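**Student:** Structure here, sequence nowhere to be found:
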Ligand code: SF4
């Protein structure tokens with residue numbers, strides 16, 4: 001039996017730690033101040049590991065190195081084995097749950113993927129400062145199985161008010177173009193790169209585009225369109241990954257949308273004018289010339305959609 005007082009204190013504390021695993025807080029309450037300290041330290045050593053399992057299941061970077069370092073430096077190093085096992089078990093079951101959800105989600109129909117994105121992923125998003133001035137998050141409308149997806153830059157005042165992209169005069173112009181090429185709004189899907197209205201209808205800032213773009217990317221992975229029509233220069237640059245080019249030049253190029261999560265698959269992009277830009281032109285020959293250019297772009301998009309791509313099962 002140990003006679004050194006330090007050894008005695010260590011033995012008592014070790015016994016209490018093991019007892020705590022069975023008796024929980026009752027043991028903390030009945031212990032003296034030194035032992036209580038020891039037990040609580042043991043619990044602290046368990047809790048971050050259990051929590052880490054949940055975080056890793058959510059895709060957060062592993063903190064196990066840090067935990068190991070802090071463990072070797074002090075009392076946390078003496079965490080009871082039962083606690084370590086509990087943390088590892090929690091990590092395994094959390095990761096399994098995450099994997100399970102991902103595997104199931106991959107088989108969901110596109111309608112369900114979009115619904116989950118809108119309800120559970122975006123939710124009441126505050127990932128960028130545009131959340132402060134918005135009235136609605138303008139997610140997107142149309143067919144989840146559309147062959148053609150139209151993408152604008154950001155919602156304006158009318159869209160913000162109604163929570164739907166391309167409504168008001170610009171939306172009416174887009175509807176007229178769709179009608180002219182034999183499409184209805186329900187045949188296509190319409191969304192914006194950024195989901196909340198920038199104040200004063202200014203251009204979205206790069207940091208706002210970076211914050212919001214993953215939602216559009218996820219929408220496109222859910223819909224898997226055959227072709228994307230980018231409305232306006234900013235949307236065309238974003239969708240094609242081309243910087244600083246005039247829309248006139250982008251319209252003449254063969255563009256493609258790439259997403260690292262699409263396993264090398266690309267989606268053709270057709271760039272054309274934004275309806276708001278056309279509406280700013282005075283009525284007459286010049287506007288007609290621009291509009292006939294838009295209709296030509298839309299017919300090209302339809303040809304691409306009819307000649308390529310894959311269907312949803
Ligand atoms: S613009 Fe996008 S990222 Fe920013 S708050 Fe709205 S939904 Fe979230």
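**Tutor:** Looks like it arrived, so ask away. Keep in mind that what you see is a predicted model, and the values were worked out from it rather than measured.

**Student:** Contact distance from the ligand - what residues of the stretch 101-250 of the chain qualify?
**Tutor:** Neighbours of the ligand within the stretch 101-250 of the chain, by C-beta under 6 Å from any ligand atom: 122, 125-128, 130-131, 137, 194-196, 208, 211-212. Backbone N, C-alpha and C define where each C-beta goes, glycine included.

**Student:** Tell me which of those fall in helices.
**Tutor:** Members of those lying in helices (criterion: DSSP state H): 208, 211-212.

**Student:** still on that earlier bit, neighbour-wise, give me the winner out of the residues of the stretch 101-250 of the chain next to the ligand.
**Tutor:** residue 195 (31 neighbours; other C-beta atoms under 10 Å).

**Student:** thought it was touching residue 128?
**Tutor:** No. Look at residue 195 against residue 128 with C-beta atoms under 8 Å: they stay out of range, at 9.6 Å.

**Student:** Spell out which residues are contacts of both of those two.
**Tutor:** residue 212 (C-beta atoms under 8 Å, 6 or more residues apart in numbering).

**Student:** Run a quick neighbour tally on residue 109.
**Tutor:** Neighbours around residue 109, by other C-beta under 10 Å: 13.

**Student:** Quick check: the gap between it and the ligand.
**Tutor:** The gap separating residue 109 from the ligand is 24 Å, by C-beta to the nearest ligand atom, to the nearest Å.

**Student:** ditto for residue 250
**Tutor:** 24 Å.

**Student:** Pretty sure that residue sits against residue 242.
**Tutor:** Yes. Between residue 250 and residue 242 there is a contact under C-beta under 8 Å: 6.5 Å.

**Student:** which of those two has more neighbours?
**Tutor:** Taking other C-beta under 10 Å, residue 250 and residue 242 do not tie; residue 250 has more neighbours (22 against 15).

**Student:** Spit out the contact partners of the more buried one.
**Tutor:** 230, 233, 236-237, 240, 242, 271.

**Student:** filter those residues to the buried ones?
**Tutor:** 230, 233, 236-237, 240, 271 (16 or more other C-beta atoms under 10 Å).

**Student:** So which of those residues sit within strands?
**Tutor:** Judged by DSSP state E, the buried ones among the contacts of residue 250 include 230, 271 as members of strands.
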